[in-house]
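> Sequence below, structure please.
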Amino acid sequence: MSTHNDYRREVERKEKNKIRGRSRGRSGAWFGLGTFGLVGWAVTIPTLLGIALGVWIDHRWPSRYSWTLMFLLIGLGGGCMNAWLWISRERRAIDRERQGNGNNDG
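Model prediction:
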């Protein structure tokens, strides 16, 4: 009897998750690819801006240091920090939503 009740609760939980997912309008793989793209651009744009700034400084004021390389690393680090903060914020929002629905398995 307990197995039947456990199975029933599991099916109900999965059904609620599926309904909640559909109401958000997020469709599995496409949402995942979109998120991957956003994170990629969050890193790429600061990196490219750092390279552009470094090339401009190297062209304008030549020196024995490669400003292009330095700003590439700064841009990459800033982009990674940007992506990490964005993902952390999204994760906290998902956790709050799960706690609000009483669904703590996750």
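> Share the number of residues neighbouring residue 41, please.
13 (other C-beta atoms under 10 Å). C-beta: built from backbone N, CA, C; applies to glycine.
> no, scratch that, I was asking about residue 45
Neighbours of residue 45 under the rule other C-beta under 10 Å: 14.
> Report the secondary structure element holding it.
Per DSSP states H and E: residue 45 is located in helix 28-60.
> quick one: which helix or strand includes the residue nearest to the spatial centre of the chain?
Nearest to the geometric centre of the chain sits residue 87, at 3.6 Å (C-alpha atoms, centre = their mean). Counting by DSSP H and E, the element that carries residue 87 is helix 67-100.
> in that helix, what's buried?
Buried residues in helix 67-100, defined by neighbour count with 16 or more other C-beta atoms under 10 Å: 67, 68, 71, 72, 74, 75, 76, 78, 79, 82, 83.
> Show me what that helix is packed against.
Judged by 3 or more C-beta pairs under 8 Å, 6 or more residues apart in numbering; DSSP states H and E, helix 67-100 is in contact with helix 28-60.
> For burial, what's the neighbour tally of residue 6?
By other C-beta under 10 Å, 10 other residues sit near residue 6.
> How about residue 42?
Close neighbours of residue 42, defined as other C-beta under 10 Å, add up to 19.
> do the one 5 residues further on as well
Close neighbours of residue 47, defined as other C-beta under 10 Å, add up to 19.
> so who does it touch?
With contacts defined as C-beta atoms under 8 Å, 6 or more residues apart in numbering, the neighbours of residue 47 are 72, 75, 76, 79.
> The last one and residue 40 touch, don't they?
No - applying C-beta atoms under 8 Å as the test, residue 79 and residue 40 come out as separate, 9.5 Å apart.
> about what we covered before: tell me which residues of the helix holding residue 45 come out buried.
Of all the residues in helix 28-60, those buried under the rule 16+ other C-beta under 10 Å are 39, 42, 43, 46, 47, 50, 51, 53, 54, 57, 58.
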